[in-house]
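A.B. asks: okay, here's the prediction I keep looking at, along with the sequence it came from:
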Amino acid sequence: MIGMQIGSLMIPYYGLFIVLGILAGGIAGYIQAKVYYLDINDFITLAGCVGIGAMVGAKLLYLIVSFPQIDFSRVTEPDYFTRLMSGGYIFYGGLLGGLLGALVCSRMFKFDVMTYMKIEVPLIPLVHAFGRIGCLLTGCCYGIPYDGPGAIVYNNSHIAPIGVSLFPVQGVEAFLEICLSLILFLYIYVHDKKHIKSVEIYLVTYAVIRFILEFLRYDDFERKIIDGLSVSQWVSIFLVLGVVICQCRQIRLKVHKKTMQPASAGTPENK
């Protein structure tokens with residue numbers, strides 16, 4: 001169960017669902033841009049910068065985490081290098097790389113990137129959900145041994161244990177991501193787009209979801225456990241702390257501005 005066979009052509013499930021996710025995200029993003037009167041060219045520019053940053057970040061974090069296992073004596077071998085670069089991406093690296101890409105986009109193209117991010121942030125969990133469905137079908141990011149409702153057994157996977165009943169953690173995450181995406185779409189729709197915290201809500205909510213679901217995963221070697229927690233769990237903790245610190249700083253600045261405002265001089269009396 002690694003791909004879809006069409007004649008002599010094998011289409012990997014993971015790659016297929018990544019493409020489907022990008023298409024779904026592109027369509028939803030275009031609709032969001034039209035509904036909220038955003039410039040579609042700026043949206044495409046931002047999506048390109050975020051996409052490039054996400055790909056580089058996801059691969060870079062994977063290489064950092066996998067550094068001890070990399071056989072540098074074989075890096076010059078075409079087959080080994082291809083396997084090393086074509087497989088292995090870590091979502092949090094992609095998320096951080098995408099945020100960096102958005103920052104670079106803002107500096108280079110000089111438009112209000114934050115407004116676009118507030119409106120388009122539901123696309124992230126939407127696209128990610130498709131990727132997790134691909135993981136479920138392929139067997140990567142597999143769950144703990146489990147024989148209850150919804151358990152999945154892999155008989156043809158290069159990654160997951162063969163013949164072992166496992167918890168469908170990838171499917172659960174995909175479902176929660178779709179729910180999060182829909183909630184964010186609704187939240188943006190019912191609130192003033194200039195005063196929403198959609199990005200912050202997404203970052204904190206996903207971090208909590210990911211932190212909990214990591215306990216239901218069984219691929220400890222790939223995730224790298226440090227002091228009892230996976231790399232993704234540590235990133236989740238620092239991500240929540242970062243959002244909280246930024247929000248506290250913003251509140252402090254607002255309070256400071258209010259206290260620094262001069263008292264109203266009042267209106268002059270009519271003569």
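C.D. replies: That came through fine.
A.B. asks: any idea which helix or strand carries Leu182?
C.D. replies: Taking DSSP states H and E as the definition, Leu182 sits inside helix 169-190.
A.B. asks: show me what that helix packs onto, helices and strands only.
C.D. replies: Contact analysis of helix 169-190 by 3 or more C-beta pairs under 8 Å, 6 or more residues apart in numbering; DSSP states H and E lists helix 123-138, helix 198-213 as its packing neighbours. Placement of C-beta: from N, CA and C, glycine included.
A.B. asks: same for the last one, what does it pack against?
C.D. replies: When you say that, I think you mean helix 198-213. Using 3+ C-beta pairs under 8 Å, 6+ apart as the contact test, the elements touching helix 198-213 are helix 113-120, helix 123-138, helix 169-190, helix 231-260.
A.B. asks: run the chain-centre distance for whichever helix or strand comes after that helix.
C.D. replies: Sequence-wise, the next helix or strand downstream of helix 198-213 (DSSP H and E) is helix 220-223. The chain centroid and the centroid of helix 220-223 are separated by 19 Å, computed with C-alpha atoms, centre = their mean, to the nearest Å.
A.B. asks: cool, stretch 136-154 as well?
C.D. replies: Computed by C-alpha atoms, centre = their mean, the separation of stretch 136-154 from the middle of its chain amounts to 22 Å.
A.B. asks: distance check, the residue nearest to Ile90 when sequence neighbours are not counted against Pro68.
C.D. replies: Taking C-beta to C-beta, 6 or more residues apart in numbering, and ignoring the residues beside it in sequence, Ile90 has Leu61 as its nearest neighbour in space, at 4.4 Å. Leu61 sits 14 Å away from Pro68, taking C-beta to C-beta, to the nearest Å as the criterion.
A.B. asks: so for those two, which residue has more residues nearby?
C.D. replies: Leu61 (23 against 6; other C-beta atoms under 10 Å).
A.B. asks: spatially central, which residue of this protein would that be?
C.D. replies: Here the mean C-alpha position of the chain is nearest to the C-alpha of Leu95 (C-alpha atoms, centre = their mean), at a distance of 4.8 Å.
A.B. asks: contacting residues for it?
C.D. replies: Contacts here follow C-beta atoms under 8 Å, 6 or more residues apart in numbering; on that basis Leu95 touches 54, 57, 124.
A.B. asks: recalculate using a threshold of 10 Å.
C.D. replies: Under the criterion of C-beta atoms under 10 Å, 6 or more residues apart in numbering, the neighbours of Leu95 are 50, 53-54, 57-58, 61, 124, 128, 202-203, 206-207, 235, 239.
A.B. asks: check Gly94 too.
C.D. replies: Residues near Gly94 by C-beta under 10 Å, 6+ apart: 50-51, 53-62, 101, 124, 128, 131.
A.B. asks: so which of these is surrounded by the most neighbours?
C.D. replies: Neighbour counts for these, by other C-beta under 10 Å, peak at Val50, which reaches 27 neighbours.
A.B. asks: okay, it and Cys105: tell me how far apart.
C.D. replies: When C-beta to C-beta is the yardstick, Val50 and Cys105 sit 7 Å from each other.
A.B. asks: give the residues shared as contacts by the two.
C.D. replies: Shared contacts of Val50 and Cys105, counting by C-beta under 10 Å, 6+ apart, come down to 113, 116-117.
A.B. asks: next, format the residues you listed as a markdown table and append neighbour count.
C.D. replies: As requested, those are exported to a markdown table (neighbours: other C-beta atoms under 10 Å):
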| residue | neighbour count |
| --- | --- |
| Val113 | 21 |
| Tyr116 | 25 |
| Met117 | 21 |
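A.B. asks: need these in a markdown table with pLDDT and distance to Val231, can you?
C.D. replies: Written out in a markdown table, the entries for these read as follows (pLDDT from 0 to 100; distance: C-beta to C-beta, whole Å):
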| residue | pLDDT | distance to Val231 |
| --- | --- | --- |
| Val113 | 91 | 28 |
| Tyr116 | 92 | 29 |
| Met117 | 93 | 25 |
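A.B. asks: so what pLDDT did Val164 get?
C.D. replies: According to the prediction, Val164 has pLDDT 94.
A.B. asks: ok, it to Tyr146 distance?
C.D. replies: The spacing between Val164 and Tyr146, counted by C-beta to C-beta, is 9 Å.
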